[in-house]
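Trainee: Below: sequence and its predicted model.
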Amino acid sequence: MAIYSEAVIHEIRSRTAIDQVIGESVRLERRGNRLLGLCPFHSEKSPSFNVNPEIGRYHCFGCQASGDVFSFLQKRDGLSFLEAIEKLAGQTGVQLPARESNARSDIAQADKERYFRATQFAAQFYADNLLSGRYPEATAYIARRGVPLETVRSFGLGYAPSEWSTLVDAAAAKRVPVADLEYAGLAKPRERGGGHFDMFRNRLMFPVRDLSKRVVAFSGRALSSEEKAKYINSPETPFYKKAKELFGIDLAQGPIKAAQRAILVEGNFDVVSLHAHGVSQAVAPLGTALTIDQVRLLRRFTKSVVLFFDGDKAGRAAARKSLDILLEADFPEILFAQLPDGADPDDIARRGGADAVQALVQQAKPLLDLLIEELILPATGSASPSAKAAAVSELAPLMAKIKDTTLLEAWIQEISRRTGLSAGELARRFRPGATATGYASSQSARPAARASFVPQPTVNETGSTPFDDAPFGDAPFDDGPLPAGPEAEVVLTPLSPMETELIVLLHRRAALLLPFLHTRTDLCMEQREVAEWARAVAAAHQENGPSLSRAFEMLEEGPLKSVIGRALMLAGPLYEEKIQTAFHAVSLKIRRAWVVTTRARLLDELQAASKRGDDDGAFVLLNQLQRLNEFERDAR
């Protein structure tokens, strides 16, 4: 059961200007009653991302992303549906009712509150220590690294004293439970004697903040050379997964969107140093190699990333690993800045400032091109079969990750020209799913069927579904329910104008789902996949399932969502007082149109049966015509 009612969700949606929300991250230009811009969810040069403020929807005719203001925030900001509701409610002044009591959700909410209460307290405690002047070792270190006070404040940098329990003691004085500190990974129980001690001691503290600027974790850098670990990080918790966060993203998201380019570095201090010198698009992974979730986070704000890694062997190796992840995510532009040997981003920023950093960024070249050139060089112009085979074997796993077919074909032709190998053979070796040997892995390359919201029809006492009792035996949908959804390569037939109007009305008012089922309009629709989905949603809605509007937002991107989203996008404005009347009118038209078409077919079949003397067949067809006539009377 939904935590917030459809009425509350509808009120929030009606008070929200979708064009203003989307306009925060997409430049929109008016085209008639719609707005057009470049899609934030895929790479494109010509705008295909449409926003219709009158109906509160967006739809991209390129990647088929589609939805309302809630789903947009979910995709753009990584919010849950409930978080999107609460965010917009706060912005629009809608008073949310108390959530329905649920033991599990109440516990989760309480855990969330105690977690962030602890991290926020610790962040303030560490920051106050650094700014107090009471710890000269920490302030001297900051001064040596050339970090100005403004940057210290903006990043919330702090200091964890060397004593065993300064944070624990300070929390006790402010009545912050030590159990909360332990839950947030900030304190540990002593093995002997009872009590707790601080997790971070004598370390410069970097708060890790999410897109909403909440402190989700910490990274602590040792100030003593005697410490074995240069950095230690908060443990993973239900509210912090290091593979999903980027250090500095809270401050960099705006500059990245403005510049349409991110600068990816390797360490926390690299991020701080670049920001301190005016390069505010810098972010870094959190003590781990770049992950697919971090790349997706970056992709919300830009289509271009520059890898600004250390100018040494380790930096180049990290760039190579990052390229694999960026290619897997189909990141549009992946550039590599070649730093001088032995230099790191902090060195460049401190010695030459923003100009030196930007000069290297401007000289950055496509990393894929650089790597392919490096791998192919030994085989270029070589007559040695071994050199060519070795080059192709090294290239195969990399080339198989390229999803841009035009780029892949161009490189195949170039490699063929340089090595003298057949382009056809290279294409076979470089196809998706290829391993280092160049042959496809045992796993099928066929994409898995989409997991989508398609509730299954209820089954009655006889074991049949309510849809088996069609108006006559040869009715549509007598070949069983569809699976979860058509696979991504399937292209579905667009909805007819009448069926478009019907889906728009069902989407707008959940109360129409019941008459939609009872009048059997679903059985008379031409677009079978959409009809099957709408029918299943309606059946589930009777058992307190989601409305069609919510079920649509729950659908994963694919052919079914594309067809429905296109219909919703192209619909005109609706007047609330006319929705009921419009629904009865259009559903009646659909049923009558189906009756006319079906009667013509049955009469043709009856005539054919009579000509061939098939009395039994004619009798069955006459019965079906009679049932059709009864259905027509009921449909009036």
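Mentor: Yep, it's here.
Trainee: starting at the chain centroid, how far to the lowest-mean-pLDDT helix or strand in the chain?
Mentor: None of the helices or strands of the chain scores lower by mean pLDDT, DSSP states H and E than helix 548-554, at a mean of 75. In this view, helix 548-554 has its centroid 17 Å away from the chain centroid, taken as C-alpha atoms, centre = their mean, to the nearest Å.
Trainee: and if you look at stretch 586-593?
Mentor: Stretch 586-593 sits 38 Å away from the centroid of its parent chain (C-alpha atoms, centre = their mean).
Trainee: list the helices and strands the helix or strand following the least confident helix or strand of the chain packs on?
Mentor: Using DSSP states H and E, the helix or strand that follows helix 548-554 towards the C-terminus is helix 559-570. Helix 559-570 sits against strand 57-60, strand 66-67, helix 497-508, helix 528-541, helix 548-554, with contacts defined as 3 or more C-beta pairs under 8 Å, 6 or more residues apart in numbering; DSSP states H and E. In short, each C-beta sits where N, CA and C put it, glycine included.
Trainee: what does the least confident helix or strand of the chain contact?
Mentor: Helix 548-554 has contacts (C-beta atoms under 8 Å, 6 or more residues apart in numbering) with 2, 6, 9, 67-68, 70-71, 81, 452-453, 503, 506-508, 510, 513, 534, 537-538, 540-541, 545-546, 561, 564-565, 568.
Trainee: I'd like the distance from the top helix by length along the chain to the chain centre, please.
Mentor: Across the chain, the longest stretch assigned as helix under DSSP state H is helix 579-611. The chain centre lies 43 Å from the centre of helix 579-611; the measure is C-alpha atoms, centre = their mean.
Trainee: ok, then the element right after it?
Mentor: helix 615-635.
Trainee: so what secondary structure elements neighbour that next one?
Mentor: helix 579-611.
Trainee: buried residues in the helix it packs on?
Mentor: 579, 582-583, 586-587, 589-591, 593-595, 598, 602, 605-606, 609 (16 or more other C-beta atoms under 10 Å).
Trainee: Out of the helices and strands packed on helix 559-570, which is closest to residue 185?
Mentor: helix 548-554 (33.3 Å; C-beta to C-beta).
Trainee: what ranges do the helices span in the stretch 251-400 of the chain?
Mentor: Ranges of helices within the stretch 251-400 of the chain are 268-276, 292-299, 313-328, 345-362, 367-376, 385-399, based on DSSP state H, counting those that start in this stretch.
Trainee: and the angle from the first one to helix 345-362?
Mentor: What that stands for is helix 268-276. 60 degrees (axes from the mean of the first three to the mean of the last three C-alpha atoms, to 10 degrees).
Trainee: which residues sit against helix 268-276?
Mentor: By C-beta under 8 Å, 6+ apart, the list of residues contacting helix 268-276 reads 145-148, 151, 154-155, 157, 206, 219, 221, 231, 247-248, 251-252, 263, 265, 280, 282-284, 308, 344-346, 349-350, 357.
Trainee: Help me confirm that residue 63 comes into contact with residue 42.
Mentor: Yes. Assessed by C-beta atoms under 8 Å, residue 63 is found in contact with residue 42 at 4.0 Å.
Trainee: shaky segments in the stretch 401-550 of the chain?
Mentor: 432-492, 543-546 (pLDDT under 70).
Trainee: Which helix or which strand is home to residue 30?
Mentor: Per DSSP H and E: strand 29-31 holds residue 30.
Trainee: partners of that strand, with directions?
Mentor: Note on strand 29-31: by DSSP bridges, its sheet partners are strand 34-37 (antiparallel).
Trainee: For the next helix or strand after the partner strand, which helices and strands make contact with it?
Mentor: Downstream of strand 34-37, the first helix or strand assigned by DSSP H and E is strand 49-52. Taking 3+ C-beta pairs under 8 Å, 6+ apart as contact, the helices and strands that strand 49-52 lies on are helix 18-23, strand 34-37, strand 57-60.
Trainee: try 10 Å this time
Mentor: helix 18-23, strand 34-37, strand 57-60, helix 559-570 (3 or more C-beta pairs under 10 Å, 6 or more residues apart in numbering; DSSP states H and E).
Trainee: what comes into contact with the second one?
Mentor: Okay, so that is strand 34-37. The contact list for strand 34-37, computed with C-beta atoms under 10 Å, 6 or more residues apart in numbering, reads 18-19, 22-23, 25-30, 46-55, 57-60, 569-570.
Trainee: now the residues you listed: which count as buried?
Mentor: Of these, these count as buried by 16+ other C-beta under 10 Å: 18-19, 22, 25-26, 28, 47-53, 55, 57-60, 569-570.
Trainee: Pretty sure residue 183 sits against residue 176.
Mentor: No. Counting by C-beta atoms under 10 Å, residue 183 does not reach residue 176; the two are 11.3 Å apart.
Trainee: still on that earlier bit, adding distance to residue 521 and mean pLDDT, write the helices and strands packed on strand 49-52 out as a markdown table.
Mentor: Converted to a markdown table, the helices and strands packed on strand 49-52 look like this (distance: least, C-beta to C-beta, whole Å; pLDDT from 0 to 100):
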| stretch | distance to residue 521 | mean pLDDT |
| --- | --- | --- |
| helix 18-23 | 29 | 91 |
| strand 34-37 | 29 | 88 |
| strand 57-60 | 23 | 88 |
| helix 559-570 | 16 | 78 |
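Trainee: Ok, which of those comes nearest residue 414?
Mentor: strand 57-60 (32.1 Å).
Trainee: Just the CA atoms of the closest one, as PDB, please.
Mentor: The C-alpha trace of strand 57-60 is given here as PDB (Å, rounded to 0.1, in the frame of the first residue of the first chain):
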ATOM      1  CA  ARG A  57       5.500  15.100 -18.600                       C
ATOM      2  CA  TYR A  58       8.800  14.700 -20.400                       C
ATOM      3  CA  HIS A  59       9.700  12.300 -23.100                       C
ATOM      4  CA  CYS A  60      12.900  11.800 -25.100                       C
END
